[in-house]
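S.K.: here are the coordinates; sequence isn't available:
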Ligand SMILES: [Zn+2]
C-alpha cells in the first residue's frame, strides 16, 4: 500500500483488527520512509468469492452448483420452491458478508446444513450425509440422534 504522504510503496501493517461488527478489517499502517501513519479498511468484494476445497484447490464460488446440491437434498420434500430460493439467497448473502472472500468448502457446507436444519430435517440429513462423509453407520446414527430436538429436562 502506497504511503499517502511520501509515495513510498513499502509501508508496514502495524495492527489489524475487525471493524464494523466484523464486516471490515481495519489496518493501521506505518511508512518507514517518512514516519507517516494511516489507516486502511479491507472489505468483502461481493462478486469474487473463492471456495477453498478440502484438497487445498481454489475454485470460483458457483451459486448454481450450491443450488443444485441443495435441490438434490430437498428432492420431493414438502417445501415450497420459493422458500428454498429464499434460503439459498440467505446463504449466499451470509457468505458474501463474511470477513474473507476465500471460504473453505467446509464452512459453506456447515452454513447450508444450518439453514436446512431449520426448514427440513430429511433434507438436512441427506445433505449432511454427503458433506460429513460418514465412514461408519454408527457415526451416522449418532449424527441423526443429535438432530432430535432436546428433550425438556424434568423440573
Ligand atoms: Zn511515507
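M.R.: Nice, I can see it. The model shown is predicted, which means the values in this text are computed figures rather than measured ones.
S.K.: Enumerate the residues of the protein near the ion.
M.R.: Residues of the chain found near the ion (C-beta under 5 Å from the ion) are 3, 5, 6, 8, 31, 33, 34, 36. Bear in mind the C-beta positions are built from the backbone N, C-alpha and C, glycine included.
S.K.: Would you confirm that the last one contacts residue 4?
M.R.: Yes. Residue 36 sits in contact with residue 4 when judged by C-beta atoms under 8 Å, with a separation of 7.3 Å.
S.K.: Who has more neighbours out of the two?
M.R.: Here residue 36 and residue 4 are compared on neighbour count by other C-beta atoms under 10 Å; more neighbours surround residue 36, at 15 against 12.
S.K.: Tell me which helix or strand in this structure has the weakest average pLDDT.
M.R.: Across the helices and strands of the chain, mean confidence by mean pLDDT, DSSP states H and E is lowest for helix 137-147: a mean of 52.
S.K.: Tell me which stretches of this protein form strands.
M.R.: 12-19, 24-30, 37-43, 50-52, 58-60, 102-104 (DSSP state E).
S.K.: Reformat the ones you listed into CSV and put mean pLDDT next to each item.
M.R.: Formatted as CSV, these follow (pLDDT from 0 to 100):
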stretch, mean pLDDT
strand 12-19, 92
strand 24-30, 90
strand 37-43, 86
strand 50-52, 88
strand 58-60, 87
strand 102-104, 89
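S.K.: can you pull the contacts of the closest residue to residue 124 other than its chain neighbours?
M.R.: Nearest residue to residue 124, sequence neighbours excluded (C-beta to C-beta, 6 or more residues apart in numbering): residue 116, at 4.1 Å. Residues near residue 116 by C-beta atoms under 8 Å, 6 or more residues apart in numbering: 70, 73, 74, 87, 123, 124, 127, 128.
S.K.: How about the third one, nearest residue that isn't a chain neighbour?
M.R.: If you skip the residues right next to it in sequence, residue 74 has residue 123 as its closest partner in space, 4.3 Å away by C-beta to C-beta, 6+ apart.
S.K.: Around the one you found, count how many other residues there are.
M.R.: By the criterion of other C-beta under 10 Å, residue 123 has 25 neighbours.
S.K.: isn't it right next to residue 83, touching?
M.R.: No. With contact defined as C-beta under 8 Å, residue 123 does not count as touching residue 83 (11.2 Å).
S.K.: Looking at the contacts of residue 116, which are in helices?
M.R.: 70, 73, 87, 123, 124, 127, 128 (DSSP state H).
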